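**Student:** Have a look at this prediction, sequence included:
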Amino acid sequence: MVLLRLDSLALSRSRFALSPAAETLGALMVLSRPCVDPWLARWHERHRTALRATLAADPFAQGLARLVSSTKYLPDHVSLPPTGGMRTRLADELAQMCAVSDDEIAASLELAVEASWEEHDLGSWLTGRNFAARTAQLYRHTWDTHLAADWPRRRALLERDVTYRAGLLAAYGWPRALERMSRRTEWTGTDAIRFSDRPGPDRVVGPEGMLFVPYTGSRGSWLCEAEDGPYALVYPARGLGAGPSASAAGRERALARLLGSGRAAILRALARPATSSELAAELALSLGTVGGHLAVLREADLVVGARSGRRVVYRRTEAGEVLASGSTGEHDDDRDFGAGTDTGDDGG
């Protein structure tokens, strides 16, 4: 079992962050295999063939993408902690990546091969020099070609996860805020986070605290570490994994007939608490339209709003939960992603 140990000072200084590089790494993983995320299915269908053609033309990029998609230990240079908090820029993350030496990268790649469940021949593609710059080039191409246009939608979903967990943090503390971040991550005792069930050394989090970084995959988590930076735990954003079953799809159609499509969409979207701005961004509606729908849903006692600083965060009431989901609570899909650094989830 691997534990992340935090004292009270480290805990008080821990915070959330976003990472375009983590989103890019997740995209490389998702596009390297059949799609299991229903909400990403159309994006996956549009982009997988083009990315595969890019990789086929570059043995280094192809070998690296295949390795990170089939190992329980991600090479260190592809999973560095973000440096800009909630405003982290990809350019800054790639500059940080480019500072890693070829020797460090080669050693880390060998560890990744040892932890892979597939066979890899490093000698066939780990040739030449400038491995960090070539990795950064792959990240930049993947971002510009496959992610940049979709980033506003993804960012809104990630910010909603942070809003949700920040609310739990304010009300109940870190143990509650960390609930169900991944299949195996949980608070243990009074000063530790369980990261993995696999054998390995515990990590001691320094006084700067650690970062919690959501990404839009539905499963899998990984730990980012750098010699001069805090640990960062990358985890699947809450509620993105499950697509509707046939019975759920029928219920959604009935809900739209009952409430109207706009109000039904908002009630469904509030499976994760959100502000009106976040709902407007996700559903591509104006703030005025969202506000009008929320007013009706509040009058019907299907949603309730609670102030958090300058924002009002909306959530479904018990009646809204029953109407939207047919139960008094929804559960995230805790499936195994099969990749991560030193990953918290098993691969296979």
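**Tutor:** Arrived safely, thanks for sending.

**Student:** chain center to the helix or strand where residue 213 lies, what's the gap?
**Tutor:** Take DSSP states H and E as the rule and residue 213 turns out to sit in strand 211-215. The chain centre lies 6 Å from the centre of strand 211-215; the measure is CA atoms, centre = their mean, to the nearest Å.

**Student:** Just checking: what are the partner strands of that strand?
**Tutor:** With DSSP bridges as the test, strand 211-215 is paired with strand 15-16 (parallel), strand 232-236 (parallel).

**Student:** These: which one's closest to residue 106?
**Tutor:** strand 232-236 (23.3 Å; CB to CB). In short, each C-beta sits where N, CA and C put it, glycine included.

**Student:** returning to what we had before: so what touches the strand holding residue 213?
**Tutor:** With contacts defined as CB atoms under 8 Å, 6 or more residues apart in numbering, strand 211-215 is touched by 14-19, 22-23, 26, 81-82, 158, 161-162, 165, 178, 181, 224, 230-238.

**Student:** mind redoing it with 6 Å?
**Tutor:** 16-17, 19, 22-23, 26, 81, 158, 161, 230, 232-234, 237 (CB atoms under 6 Å, 6 or more residues apart in numbering).

**Student:** Give the rounded mean pLDDT of the helix or strand following that strand.
**Tutor:** Helices and strands here follow DSSP H and E; after strand 211-215, the next one along the chain is strand 222-224. Here strand 222-224 scores 92 as its mean pLDDT.

**Student:** Pull out the buried residues from strand 222-224.
**Tutor:** 222, 223, 224 (16 or more other CB atoms under 10 Å).

**Student:** now for that strand, which elements pack on it?
**Tutor:** Counting contacts by 3 or more CB pairs under 6 Å, 6 or more residues apart in numbering; DSSP states H and E, strand 222-224 packs against strand 232-236.

**Student:** Restricting to C-alpha, output the strand it packs on in PDB.
**Tutor:** Taking C-alpha atoms only, strand 232-236 is exported to PDB below (Å, rounded to 0.1, in the frame of the first residue of the first chain):
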ATOM      1  CA  ALA A 232       0.100  16.400  -7.600                       C
ATOM      2  CA  LEU A 233      -2.600  13.800  -7.700                       C
ATOM      3  CA  VAL A 234      -4.400  13.600 -11.000                       C
ATOM      4  CA  TYR A 235      -7.900  12.100 -10.800                       C
ATOM      5  CA  PRO A 236     -11.000  11.600 -12.900                       C
END
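
**Student:** Can you name the residues in contact with that strand?
**Tutor:** 22, 81, 181-182, 211-213, 215, 217-219, 221-224.

**Student:** same thing but at 8 Å, please
**Tutor:** Contacts of strand 232-236 (CB under 8 Å, 6+ apart): 4, 17, 19, 22, 79, 81-82, 181-182, 185, 193, 195, 210-225, 337, 340.

**Student:** among these, which ones are buried?
**Tutor:** 4, 17, 19, 22, 79, 81-82, 181-182, 185, 193, 195, 210-225, 337, 340.

**Student:** got the buried residues of strand 222-224 as CSV, with distance to residue 324 columns?
**Tutor:** As requested, those are arranged in CSV below (distance: CB to CB, whole Å):
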residue, distance to residue 324
222, 32
223, 35
224, 35
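
**Student:** Closest one of these to residue 124?
**Tutor:** Nearest to residue 124 among the buried residues of strand 222-224, with distances taken as CB to CB, is residue 222, at 25.4 Å.

**Student:** okay but the closest one is in contact with residue 80, surely?
**Tutor:** No - at 11.3 Å, residue 222 and residue 80 do not qualify as touching, with contact defined as CB atoms under 8 Å.

**Student:** buried residues in stretch 115-129?
**Tutor:** For stretch 115-129, using 16+ other CB under 10 Å, the buried residues are 115, 116, 120, 125, 126.

**Student:** Leaving out sequence neighbours, find the closest residue to the second one.
**Tutor:** When you say that, I think you mean residue 116. Spatially, and ignoring its direct neighbours in sequence, residue 116 is nearest to residue 71 (4.1 Å; CB to CB, 6 or more residues apart in numbering).
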